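Asks: Pasted the sequence and its predicted model underneath.
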Amino acid sequence: MAKEEADAPRADCDLRFSSAVYSLDTIKKAAYRLSGHCSFDFEVVGGEILCRLHFAQALSSERMAAIKNGFRNEVLDQDLRRTIAEETGPMRNAILAYAFSRTGLQDGDEV
Amino acid sequence: MLTLGGESLTFRNVRDEPPFVIRLSDNPSLPRPLRPESAFLFREAQANATELPDGFRLYVQIGGRVEGAEERTQDRPSIVLSTAYNYLGDGDVLRIVPHRRGLRVLFRRSANHNSILLTEQCNNYCLMCSQPPKRIDDSWIINQVLQAIPLIDSAAKEITFTGGEPTLLGDDLIRVLSACKSWLPRTAIHVLSNGRRYADPAFADAYAQVQHPDLMVGIPVYSDLSSIHDYVVQADGAFDETIRGILNLKVRHQRVEVRVVIHKQTYERLPQLAEFLVRNLLFVDHVALMGLEITGFTRPNLADLWIDPFDYQKELESAVHKLASYKMNVSIYNHQLCVLDSRLWPYARKSISDWKNEYLPECLSCTKRSDCGGFFSSARLRYSDHIAPFSARALQPEVMLLGASP
Amino acid sequence: MATKFERREHFEASLGNGYRLLPFSFSPLNDRDYILTNQAGQYTLLDRPTLEDLVRHRLEPRSDAYATLKSQHFLLDSDSNVAVDLLALKVRTKNSQFTNFTGLHIFVPTLRCEHSCPYCQVSRQSDDKTAFDMSFETANRSLGMVFRSPSPAIKIEFQGGEPMLNFELIRHIVVCAERINQIEHRNLQFVIATNLALVNDDVLSYCKAHDILISTSLDGPKDLHNRNRPRPGGDSYERTVAGIAKARDILGRDRVSALMTTTEASLGRVVEIIDEYVRLNFDRIFLRPLSPYGFAIKTKSYQAYDADDWLDFYFCGLKYILQLNRDGLYFVEHYASIILSRMLTPFESGFVDLRNPAGIGIGALVYNYDGEVYASDEGRMLAEMHDKTFRLGNVHENTWEEIMTSSALLDPLEQSFAGSVPMCFECAYQPYCGAEPVFHYATQGDFVGHKPSSAFCHRNMAITRHLIELLRTDEDANRILMSWLRI
């Protein structure tokens, strides 16, 4: 793409994520957080998740780059959250069970 | 520093019987039925004035020549003590050990603090232990204490039970506390413990069931990190047990004080410990931040423990400020006012037991001496480089501001 | 060291065995750092590389970050597991307030009012007492509901209209409630929200005798207050100030509090408004956002400014208040103190608007003059605009059980619960925030709301972030903010 065209204000942009690395759920959760700025279309094509962002108004290329970076970081964060949730899910439930049990804090339960 | 006991003392006509506990009386008109269980206390000067009263189990003379004593006491069982024991008074409780010609003071009615050792055994081994543990059978101590409790003045304000680790005595500790509840219902009881045994709910239950009207247990927590606490007390797993012990006590509505001895291994994370306390143990009744006593294990470990208190004021002030912001009750013990950040003065208490409380020569001219707790007697071995007396000027800034010439 | 003592390394040996994560959420704090919160609502701050190291189990065990995370219960290693007991205890403490159930009971003795504030949602300029006053019977039935709540502390708050216009009914409710309380033994408290324009010595003596608190409106200096709060004679400010003085005289300074409402006219004048509170010897101010209900929507007062304009107003006010504290005056910004207490203590205030599950019904109930029962005061205001979504029933027609188990209450409670809605469920700020089904329904059309475009979310995150930055970068501000904690 010619540089002038690349720098022109746009109201759409595309991002691609490898579906081997990120789940669709992760991408969608990240997208939800940005949905105050833009709307999204998703498509799974081959080994990739394709995201198209739509803005109400055209944005400068700097602003667009910032939003795309923000989205990428958000996807990374969501991936991290998924890891945390998987590892700590049982502990989270155990602590809640402890906290609300009638007999108070029990001894000896392995978590 | 007071001499609280000794052996190979001057005993006359004392039968070789097992050790026993006895209360001192200086009242020559003590009703006769009470005399067989009491010891008459007199000073040499007194004895010349009147004849000694009859019927006491033991006669204790302070000061004076041994020969003179013989005439006065004749064949009555008696002990002659040097004037080092001049502090003894009516109502004090002693343990007498005939076969060693020894005595030990268990309770002093005139003392500001009374501490009674229950055992020298312990399941921790703190780097700075002031009463190093001994692996001996000292179960006889409990019996002597149980004998002493009825003799203690019921007007006594407070008694501290120490060790070693008192909770190792299990049911015997409970018996002692129950005896205090019966015989000394108006006396506040303070138990010093590492708290670990209370992690056992059955023991915590037994302790709570005493339902003592004024009981508090003082439990050390040396760090917010288990590895540091365990290192200081030299026992793996101690931190977890201690914290669980505290929780078990509080859920049973027992009063708990958290104690922290500040030294080189504990001062750095004092602010983090304060944060840990306010987020996790906000319900404890008191936090005592204490200066190091240069006795017991502190001496061999001094290089790893000593830090000039002046050098940790930043951490101490930060910790106290955090605790106070959360409205926890905080006291600072065993620190001199000249060494403390002035914002901490309201928290400093005069806490050193009188028998080991001293001041340095520098303190003679200090205008704050009566407010200051002074030093442990053992402090002469090591103390801050920043000890300096307050002068009258330093206390009266208003006078200077009004233009009075310096 | 004597050889019979183990070295420190011995006790740190297990640090080489790795660690487990304890449950936590994380969110961005600023461009560089993240905030992590655990189940007990404690927070810590990490930069992104350290956060990643933590989650990927690459964190260096002897680092300061590791020590902090272990101490504050974000990770667990083989050396100690009492963290689990402590976390469970903290979670239990944090949630214990919910078992108390409804503590705030708002009674509307009348809708009549002689003011005509543009932001007001409900009042009527009318002398028709039968149309707009609560009857004794409605009051009695409502009181019956009040004491069905198991809460050990019951606060009965009179709102309106201008409650003093039906003082006879207030008297009746106070007397009856006190009589019931002789058996119930709750911690019973009364508050009257009044403009103080019509107050007299008799009324105030009565308040003193029954320990009734007064809460009045003070929007700022005279011109601003009178502009916001028109009444015949245009002298709302003068009457309020005189009323405050009189009320303090008779009731005591601490028994009289003031609330401000922000309008477009208030923006840019926050320092003057605060100065007014200082001048009148108040020791706190609640810098409130404008609520989007009722007349506010009708008169477009809400759209007049967006969340960022209000945030500028708020931050400017907070900065000024911190300066006042530095200059030696203890003065609290109330909303900040609520959020700070959430962040730093296990204690909950009585504030029902920032709760999760939401405070509707289970935190507060409203008994309207006509017997209608609403889930919150905002729900009542919506009803005045002909939207009865938050109407739970009527004291003359429904039992307590019917009201508290109605789907009008349960649906918004359940649907808005932050632990189960997008974004909130994994948001690190959740412990310091609340579910706001009424606000989101009014502004976005559903109980959950679309948080990325929610003014409520935006506002709370901005304020919480700001407070966190102050706590960590400004030692003076840190100490001042700590002194505002409600312990």
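Replies: That came in fine, so what should we check first? The shown structure was predicted, so the numbers you read here are calculated from the model rather than taken from an experiment.
Asks: what about residue 58, how many neighbours?
Replies: In the absence of a named chain, chain A is used. 12 (other Cβ atoms under 10 Å in any protein chain shown). All C-beta atoms are positioned from the backbone trio N, CA, C, and that covers glycine.
Asks: Correction: the question concerned chain C.
Replies: C:Arg58 has 10 nearby residues by other Cβ under 10 Å.
Asks: dump the residue contacts of it.
Replies: C:Glu52 (Cβ atoms under 8 Å, 6 or more residues apart in numbering or on different chains).
Asks: which element is it on?
Replies: Here C:Arg58 sits in a region with no helix or strand, counting by DSSP states H and E.
Asks: Give me the phi and psi angles of it.
Replies: C:Arg58 adopts backbone torsions of phi -110, psi 0, taken as degrees, to the nearest 10.
Asks: For chain B, see how far away it is.
Replies: C:Arg58 sits 20 Å away from chain B, going by Cβ to the nearest Cβ, to the nearest Å.
Asks: What of C:Leu169?
Replies: Taking Cβ to the nearest Cβ, one finds C:Leu169 at 40 Å from chain B.
Asks: what do you get for C:Pro230?
Replies: 44 Å.
Asks: swap in C:Ser78?
Replies: 10 Å.
Asks: Can you give me the pLDDT of that residue?
Replies: For C:Ser78, the pLDDT comes out at 93.
Asks: Repeat that for the one 5 residues further on.
Replies: Looking at C:Ala83, its pLDDT reads 97.
Asks: Ok, C:Ala304 next?
Replies: 47.
Asks: how about the residues of chain A near chain C?
Replies: A:29, A:32-37, A:77, A:80-81, A:83-85, A:87-89, A:91-92, A:94-96, A:98-100, A:105, A:111 (Cβ under 8 Å from any Cβ of the partner chain).
Asks: Pull out the buried residues from these.
Replies: A:29, A:32-35, A:37, A:77, A:80-81, A:84, A:87-88, A:91-92, A:94-96, A:98-99, A:105 (16 or more other Cβ atoms under 10 Å in any protein chain shown).
Asks: Which strand or helix spans the spatially most central residue of chain A?
Replies: Geometric centre of chain A, nearest residue: A:Ala30, 2.2 Å, by Cα atoms, centre = their mean. For A:Ala30, the enclosing helix or strand under DSSP H and E is helix A:24-34.
Asks: Tell me the strands beside the next helix or strand after that helix, with direction?
Replies: Once the chain leaves helix A:24-34, the next helix or strand it forms, by DSSP H and E, is strand A:39-45. Strand pairing for strand A:39-45, determined by DSSP bridges: strand A:48-59 (antiparallel).
Asks: now the strand it pairs with and helix A:24-34, what's the angle there?
Replies: Strand A:48-59 runs at 10 degrees relative to helix A:24-34, counting by axes from the mean of the first three to the mean of the last three Cα atoms, to 10 degrees.
Asks: returning to what we had before: any idea of the mean pLDDT for the helix holding A:Ala30?
Replies: 92.
Asks: just the helices in the stretch 101-250 of chain B please.
Replies: Remark: helices assigned in the stretch 101-250 of chain B by DSSP state H, counting those that start in this stretch are B:140-148, B:171-183, B:201-209, B:226-233, B:238-251.
Asks: Identify the residues contacting whatever residue of chain B ends up closest to chain C.
Replies: Nearest residue of chain B to chain C, counting by Cβ to the nearest Cβ: B:Ser226, 3.5 Å away. Contacts for B:Ser226 (Cβ under 8 Å, 6+ apart) come out as B:Phe239, B:Asp240, C:Asp79, C:Ser80, C:Val82.
Asks: From those, pick the one nearest chain A.
Replies: Using Cβ to the nearest Cβ, the contacts of B:Ser226 come closest to chain A at C:Val82, 10.2 Å.
Asks: So in chain A, where's the weakest helix or strand by average pLDDT?
Replies: Across the helices and strands of chain A, mean pLDDT, DSSP states H and E gives its lowest value to helix A:3-7, namely a mean of 58.
Asks: immediately after it, which helix or strand?
Replies: Next element after helix A:3-7 (DSSP H and E): strand A:10-18.
Asks: what phi and what psi does the backbone show at the closest residue in space to B:Ile387 that isn't next to it in sequence?
Replies: Counting by Cβ to Cβ, 6 or more residues apart in numbering or on different chains, B:Glu362 is the residue found nearest to B:Ile387 once chain neighbours are left out, at 5.3 Å. When quoted as degrees, to the nearest 10, the phi and psi of B:Glu362 stand at phi -60, psi -20.
Asks: Quick check: which ranges of chain A have low pLDDT?
Replies: Residues of chain A meeting the criterion pLDDT under 70: A:1-7, A:102-111.
Asks: Kindly report the residues of chain B close to chain A.
Replies: Residues of chain B lying near chain A by Cβ under 8 Å from any Cβ: B:Pro201, B:Leu247, B:Val251.
Asks: how near is the last one to B:Asn280?
Replies: To tie it back to what came earlier, the one meant is B:Val251. 14 Å (Cβ to Cβ, to the nearest Å).
Asks: Which of those two has more residues huddled nearby?
Replies: B:Asn280 (27 against 15).
Asks: OK, contacts around the nearest residue to the more buried one once chain neighbours are set aside?
Replies: What sits nearest to B:Asn280 in space, not counting adjacent residues and going by Cβ to Cβ, 6+ apart, is C:Leu86, at 4.9 Å. Contact analysis of C:Leu86 by Cβ under 8 Å, 6+ apart lists B:Ile243, B:Leu247, B:Asn280, C:His73.
Asks: Now C:Leu86: which helix or strand?
Replies: helix C:82-95.
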